[in-house]
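Q: Provide a 3D model corresponding to the input given below.
(one chain, ligands or ions: 1)
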Amino acid sequence: MRKAVKLSLIPTALILAALALVGDSAKTSASSTASAAELFGAKCAMCHGRNGAGMPNWKAKGQPDFTDVVWQKGRTDAQIADSISNGKGKFMPSFKGKLSQEEIGALVAQVRTFGKKK
Ligand code: HEC
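A: Purely as a prediction, here's the structure:
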């Protein structure tokens, strides 16, 4: 009797494990914050730094510090999106045609998160 109960638990455990796996992959693909951070890491961090504060050599050329609250207040989301699509000054490259509108929107949100850390 006891043995029968134990055996019947095995398929249930398998189903639960399978459900957990499915749930996990659904979570990863739906998480836009993770992908915006990854996108920033891949396309922007070499100049802006992982934390958005910027790199000394680029800051000397006029690059803003995204963790600066004053800088954050001085820009609208539309201005940030415009700088990402069209570039700015001599050194900020244009990402038009390289990133989709959704990706640019996600990067605007990513740039905003750097200002909220303090
Ligand atoms: C080659 C280095 C480089 C890369 C790569 C780069 N940036 Fe920049 N970025 C700069 C520099 C330099 C400035 C300052 C431009 C200026 O004001 O003259 C700047 C400025 C900016 C600004 C401020 C614009 C404003 O309105 O003042 C934003 C926002 C920005 N970058 C976002 C991004 C994002 C998002 C990415 C990745 C998709 C990125 N940058 C990639 C160098 C870079």
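Q: Tell me how many other residues crowd the residue in the chain positioned nearest to the ligand.
A: Relative to the ligand, the nearest point of the chain is residue 89 (2.3 Å; C-beta to the nearest ligand atom). Yep, even glycine has a C-beta here, placed from its N, CA and C like the rest. Neighbourhood size, residue 89 [other C-beta atoms under 10 Å]: 9.
Q: Verify the stated contact: it with residue 62.
A: Yes. In terms of C-beta atoms under 8 Å, residue 89 counts as a neighbour of residue 62; the distance is 6.1 Å.
Q: ok, whichever strand or helix holds residue 38 near the ligand or not?
A: Taking DSSP states H and E as the definition, one finds residue 38 inside helix 32-43. Yes. For helix 32-43, a contact with the ligand is found by C-beta under 6 Å from any ligand atom, at residue 43.
Q: moving C-terminal of that helix, what's the next helix or strand?
A: Sequence-wise, the next helix or strand downstream of helix 32-43 (DSSP H and E) is helix 45-48.
Q: Would you tell me what the next helix or strand after that following helix is?
A: Helices and strands here follow DSSP H and E; after helix 45-48, the next one along the chain is helix 56-59.
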